[in-house]
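Undergrad: got a structure for you, letters missing:
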């Protein structure tokens with residue numbers, strides 16, 4: 001009786017099980033290769049963003065001297081900071097979070113909700129800061145982005161509080 005139950009658990013054709021295993025291994029390697037290529041692209045993008053940040057910083061430093069001579073010191077500092085410099089700094093933070101998502105996938109072979117929520121939080125905060133710095137956001141946009149930010153923060157908290165339990169296979 002037990003032999004029948006145990007025999008029912010194994011596939012009737014072992015070559016099908018091994019073919020399925022090989023296909024899954026090839027698929028996993030292919031995904032790892034794609035993610036590794038994306039990480040390489042992200043590193044190049046991050047380097048490009050840092051170069052752009054340095055260029056914008058030098059541009060802001062050049063305009064800082066002329067701004068200080070025409071205003072008092074406090075207004076000169078604020079006016080001397082270029083809008084592009086602020087956007088570049090905030091964009092680098094978002095790129096770092098995205099880079100962490102890819103490396104996290106490569107390490108754990110899954111995309112974790114906590115990390116995605118952190119990327120979303122960084123992106124929404126970037127948009128809020130840029131809009132507030134430009135004085136271009138109206139109250140409805142601020143309210144909508146605040147609501148989205150609250151949802152992302154709640155999602156991140158829930159993802160930390162209710163982490164999936166590790167099973168014996170991991």
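TA: Structure received. Since the model is a prediction, treat every value here as computed from it, not as a measurement. Residues are numbered from 1 along each chain as shown.
Undergrad: pull the contacting residues for the residue nearest to the spatial centre of the chain.
TA: Central residue check for the chain by CA atoms, centre = their mean: the C-alpha nearest the mean position is that of residue 98, 2.4 Å away. Under the criterion of CB atoms under 8 Å, 6 or more residues apart in numbering, the contact partners of residue 98 comprise 42, 119. Backbone N, C-alpha and C define where each C-beta goes, glycine included.
Undergrad: repeat that for 6 Å
TA: Taking CB atoms under 6 Å, 6 or more residues apart in numbering, we find residue 98 in contact with residue 119.
Undergrad: SS state for it?
TA: Under DSSP: H, G, I helix; E, B strand; the rest coil, the three-state class of residue 98 is helix.
Undergrad: show me where pLDDT drops low in the protein?
TA: Counting by pLDDT under 70, the ranges of the chain that qualify are 1-17, 63-82, 166-170.
Undergrad: rerun at 90
TA: By pLDDT under 90, the weakly predicted segments of the chain are 1-25, 27-29, 31-43, 45-116, 129-137, 139, 162-170.
Undergrad: so where's the longest helix in it?
TA: Looking only at the chain and at elements set by DSSP state H, the helix with the highest residue count is helix 14-70.
Undergrad: which helices and strands does that helix pack with?
TA: Other elements packing on helix 14-70 under the criterion 3 or more CB pairs under 6 Å, 6 or more residues apart in numbering; DSSP states H and E are helix 73-80, helix 83-108.
Undergrad: next structured bit after the longest one?
TA: Tracing the chain past helix 83-108, the next element assigned as helix or strand by DSSP states H and E is helix 113-134.
Undergrad: specify the angle between that next one and helix 83-108 in degrees.
TA: 180 degrees (axes from the mean of the first three to the mean of the last three CA atoms, to 10 degrees).
Undergrad: tell me how far the very next helix or strand once past helix 113-134 lies from the chain's centre.
TA: Past helix 113-134, heading to the C-terminal end, the next element that is a helix or strand (DSSP H and E) is helix 139-161. A distance of 16 Å separates the C-alpha centroid of helix 139-161 from that of its chain, computed with CA atoms, centre = their mean, to the nearest Å.
Undergrad: over to stretch 19-32?
TA: Relative to the mean C-alpha coordinate of its chain, stretch 19-32 is positioned 26 Å out (CA atoms, centre = their mean).
Undergrad: repeat for stretch 108-116
TA: Between the centre of stretch 108-116 and the centre of its host chain there is 10 Å, according to CA atoms, centre = their mean.
Undergrad: and it, how far apart are its ends?
TA: Terminal residues of stretch 108-116 lie 14 Å apart, using CA to CA, to the nearest Å.
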